[in-house]
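Q: Everything below, folded, please.
(2 chains)
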Protein chains: 2
Amino acid sequence: MPTSLIDCDIHNAVPSVQALFPYLPEYWREYISQSAFKGPIDTSYPVGAATSARPDSTLPAGAPAGSDLEVLRVHTLDAWNAEYGLLNCAYALESLHSPYAAATLATAINEWQIEHWLAKEPRLRASLVVPSQYPDLAVKEIDRVGHHSGFVQIFLPVHSLAPYGTRQWFPVYEAAVRHDLVIGLHFGGTPGNPPTASGWPSYYAEEYANQAQLFQSQVMSLIVEGVFEQFPALRVALIESGFTWMPSLMWRLDKEWRGIRREIPWVKRLPSDYIRAHIRMTTQPVDAPSEPDHLLQIIDQLGSDEMLMFSTDYPHLHDDLRQDAFPLNLPEPLRTKVISGNARAFYRWSR
Amino acid sequence: MPTSLIDCDIHNAVPSVQALFPYLPEYWREYISQSAFKGPIDTSYPVGAATSARPDSTLPAGAPAGSDLEVLRVHTLDAWNAEYGLLNCAYALESLHSPYAAATLATAINEWQIEHWLAKEPRLRASLVVPSQYPDLAVKEIDRVGHHSGFVQIFLPVHSLAPYGTRQWFPVYEAAVRHDLVIGLHFGGTPGNPPTASGWPSYYAEEYANQAQLFQSQVMSLIVEGVFEQFPALRVALIESGFTWMPSLMWRLDKEWRGIRREIPWVKRLPSDYIRAHIRMTTQPVDAPSEPDHLLQIIDQLGSDEMLMFSTDYPHLHDDLRQDAFPLNLPEPLRTKVISGNARAFYRWSR
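A: A predicted model of the protein is given here:
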């Protein structure tokens, strides 16, 4: 059992929109009560999908998995003897069409995270929730609370209405750098457009598996639009992304860059150089082959032992709860880097 | 130099819409002349992009590369001593909003292909062009000319308005099986929706590289919607798709299938089983790593030596025109399979 494990993806859940009332202005409390608004109901984790929650994470009285600090602490920090755990609260604010509702709910969630999670458990850190579809309001929220030492990352759902490399998001990256925060591109997002470039799939299974393509497109956009030249200090974590697709993406981008970079002269280095320097990926869910050798080949093909960061993705259920599972069976020193060293360096956590 | 090479992707180009006049009814000749319609002008291969055409394929008088049989014959069939070459004519019919224009132009292109290509060069085969966005009209065209022995495949642009696994395309697959034709999902397509699931990229470089994600989503759709259970005889070729992303996609689909297949019980086998049984991929452009060993690892990870089929992708320019390039340096017997055996079996060509 490692003694300094860092879990880079733990999901805390808002129990209900009423839990945010202490942090909402009177206008919004009244609005929500009188309209019976339940908060954004779109979700990338439908209740009842086998992947959405470990059976033992279900809470009494219909409270969503991940909404109770005590249970979460036992299942993650204690179970893994973790030194740090990073909370990612997915609340589908990107689905709201009222900019003011999205912004005020983001503020409320962040205040709730400070009071109910960060203040109560010193091992926890959290991602700032922002109204990602309104970059100007997202910047306001980052500037409001980005100085709080508990926040180390800005949560952006990987599915967006426009690619994250385009100019409209530059102020958000500027704010991230200003506050020394990581941009966390996270599985999911329900911005309203279809989740594939060729329209709506019929089934959740497809929407779920297709997230890997969303991540690939966003990485491509960040590179091609020159985001890492504009913001050389920017760090981006891909969370719940899988990672076995990454070598192929790097090869393809490097090759196309050689062929047609005269169109994009601001991309000065090989795309894979930017990726290795600026991007990290969490380990769970592992989009893993059945052959362990193939997984080691892929990790070798990444060309860097600094890109993977351990995560449990609690309370989502993946194929394995065993504590001797990947990545704990990696060879040293890679194992230690994945379990804690890479996250420690990327999020700048001292021991 | 192999003596039985098969080139699975050669691009013949319509010189101009006027070249189709002998095959168009009077109404459309008049319509096109009076409206000065130049044919669909959307293209996934902009003139002047370095990847769009080999310098030596440019023709005099502004005729598009690939529009002259003599030149094409010298550059492909003769240069590679090819036994067969498979023509894929990309004409962006999917961008047209008139179903009747799309259907009548498809018919004209197929007649033009018969007269100007298939009849003149016995080594050539061709993909049937169809109005892919109107499945009922596509079926009509397949039934009209699908019996012609020169046509071995139906051309569908990989970018579509709806995923190719959804029900609306089933009649097209039924027709493909009825005429024993392969479905060829081909790079490109300009159906009008953004080419990424998160909206419009700013640059062609991104649109170009992002095609790999389009292919991945379509493969996923075909599997999840159960197309290969509905049509057990259906064969699908991925053309200009790259292939190093395929092992990761198979792993991810296999894993998610294990986790959430209760939602999609018609997917009875491991997704990777369907893929290996029904899907093939052409080799050019190779989304290849700089390390040759990594490429061999990926090919091994495919779990089948029958999936890759040689192509030059003429006249598109890729990183290498050398005739000793991939895949000719593969170990035997893989090399012979990739160069000709796999295509011969898949398209059912005798020697």
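
Q: Which residue ranges of the stretch 201-350 of chain A form helices?
A: Along the stretch 201-350 of chain A, the segments classed as helices by DSSP state H, counting those that start in this stretch run A:204-209, A:211-224, A:227-230, A:246-260, A:271-278, A:292-301, A:334-336, A:342-347.

Q: Looking at the spatially most central residue of chain A now. What's its pLDDT?
A: In chain A, the residue lying closest to the centroid (C-alpha atoms, centre = their mean) is residue A:186, at 2.9 Å. In this model, residue A:186 is scored at 97, pLDDT.

Q: I'd guessed it sits against residue A:236; true?
A: No - assessed by C-beta atoms under 8 Å, residue A:186 is found out of contact with residue A:236, at 11.1 Å. Yep, even glycine has a C-beta here, placed from its N, CA and C like the rest.

Q: can you give me the strands in chain A?
A: Under the criterion DSSP state E, chain A contains strands at A:5-10, A:82-87, A:124-129, A:151-157, A:182-186, A:236-239, A:279-282, A:308-309.

Q: Burial check on the nearest residue to residue A:313 once chain neighbours are set aside, number of neighbours?
A: Excluding its sequence neighbours, the residue lying closest to residue A:313 (C-beta to C-beta, 6 or more residues apart in numbering or on different chains) is residue A:284, at 4.1 Å. Neighbour count for residue A:284, taken as other C-beta atoms under 10 Å in any protein chain shown: 22.

Q: so what's residue A:284 up against?
A: Residues in contact with residue A:284 (C-beta atoms under 8 Å, 6 or more residues apart in numbering or on different chains) are A:9, A:240, A:310-313, A:316, A:318.

Q: Compute the first-to-last residue distance for stretch A:93-100.
A: 11 Å (C-alpha to C-alpha, to the nearest Å).

Q: Could you list the buried residues of that stretch?
A: A:93-96 (16 or more other C-beta atoms under 10 Å in any protein chain shown).

Q: can you put the residues you listed in TSV and add pLDDT and distance to residue B:48?
A: Below are those laid out as TSV (pLDDT from 0 to 100; distance: C-beta to C-beta, whole Å):
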residue	pLDDT	distance to residue B:48
A:93	95	43
A:94	95	38
A:95	95	41
A:96	95	43
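
Q: Go through the residues you listed and name the one nearest chain B.
A: Closest approach between those and chain B, by C-beta to the nearest C-beta: residue A:94, at 11.2 Å.

Q: for chain A, which spans come out with low pLDDT?
A: For chain A, the stretches with pLDDT under 70 are A:1-3, A:319-325, A:351.

Q: and residue A:177, how many neighbours?
A: Neighbour count for residue A:177, taken as other C-beta under 10 Å: 16.

Q: Sorry, slip of the keys, the one I care about is residue A:334.
A: 18.

Q: Contact partners for the residue nearest to it when sequence neighbours are not counted?
A: Excluding its sequence neighbours, the residue lying closest to residue A:334 (C-beta to C-beta, 6+ apart) is residue A:305, at 5.0 Å. Contacts for residue A:305 (C-beta under 8 Å, 6+ apart) come out as A:299, A:333-334, A:337-338.

Q: among these, which two are most distant?
A: A:299 and A:333 (12.9 Å; C-beta to C-beta).

Q: neighbour count winner among those two?
A: Between residue A:299 and residue A:333, counted using other C-beta under 10 Å, residue A:299 has the larger neighbour count: 23 against 10.

Q: Please name the residues that touch the more buried one.
A: Contact partners of residue A:299, counting by C-beta under 8 Å, 6+ apart, are A:305, A:308, A:330, A:334.

Q: now it: how far from residue B:334?
A: Separation of residue A:299 from residue B:334 (C-beta to C-beta, to the nearest Å) stands at 25 Å.

Q: And residue A:228, by the same measure?
A: Distance from residue A:228 to residue B:334, by C-beta to C-beta: 38 Å.

Q: Which one of the strands of chain A lies nearest to residue B:29?
A: Evaluated over these, closeness to residue B:29 peaks at strand A:151-157, with 51.4 Å, by C-beta to C-beta.

Q: and the closest one with strand A:82-87, angle?
A: If you take axes from the mean of the first three to the mean of the last three C-alpha atoms, to 10 degrees, strand A:151-157 sits at 40 degrees to strand A:82-87.

Q: Can you check what angle separates strand A:151-157 from strand A:124-129?
A: Using the same axes, to 10 degrees: strand A:151-157 against strand A:124-129 is 40 degrees.

Q: rewinding a little: I'd like the contacts of residue A:305 written out as TSV, with distance to residue A:175 added.
A: Formatted as TSV, the contacts of residue A:305 follow (distance: C-beta to C-beta, whole Å):
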residue	distance to residue A:175
A:299	33
A:333	35
A:334	34
A:337	29
A:338	29
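
Q: ends of stretch A:37-55, how far apart?
A: With C-alpha to C-alpha as the measure, stretch A:37-55 spans 28 Å from end to end.

Q: Then stretch A:122-138?
A: From start residue to end residue, stretch A:122-138 stretches across 26 Å - C-alpha to C-alpha.

Q: buried ones in it?
A: Buried residues in stretch A:122-138, defined by neighbour count with 16+ other C-beta under 10 Å: A:124-135, A:137-138.

Q: count of neighbours near the closest residue to residue A:274 other than its chain neighbours?
A: The shortest distance from residue A:274 to any non-neighbouring residue, by C-beta to C-beta, 6+ apart, is to residue A:228 (4.6 Å). Number of residues near residue A:228 (other C-beta under 10 Å) recorded here: 25.

Q: Can you give me every residue that contacts residue A:228?
A: Listed by C-beta under 8 Å, 6+ apart, the contact set of residue A:228 reads A:222, A:234, A:274, A:277-278.

Q: export these to JSON lines and tack on neighbour count?
A: Formatted as JSON lines, those follow (neighbours: other C-beta atoms under 10 Å in any protein chain shown):
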{"residue": "A:222", "neighbour count": "27"}
{"residue": "A:234", "neighbour count": "19"}
{"residue": "A:274", "neighbour count": "23"}
{"residue": "A:277", "neighbour count": "13"}
{"residue": "A:278", "neighbour count": "21"}
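
Q: Tell me the one among those nearest to chain B.
A: residue A:222 (10.3 Å).

Q: Look up how far residue A:252 lies from that closest one.
A: 15 Å.

Q: What of residue A:206?
A: For residue A:206, the distance to residue A:252 (C-beta to C-beta) stands at 23 Å.

Q: Over to residue A:172?
A: Using C-beta to C-beta, residue A:172 is found at 27 Å from residue A:252.

Q: ok, now residue A:338?
A: 25 Å.

Q: Who has more neighbours out of the two?
A: Each of residue A:338 and residue A:252 has its neighbours counted (other C-beta under 10 Å); residue A:252 has more, 27 against 24.

Q: quick one, what contacts the more buried one?
A: Residue A:252 neighbours (C-beta under 8 Å, 6+ apart): B:209, B:212, B:242, B:244-245, B:287.

Q: Residue A:126 touches residue A:84, doesn't it?
A: No - Residue A:126 is beyond contact range of residue A:84, at 11.0 Å (criterion: C-beta under 8 Å).
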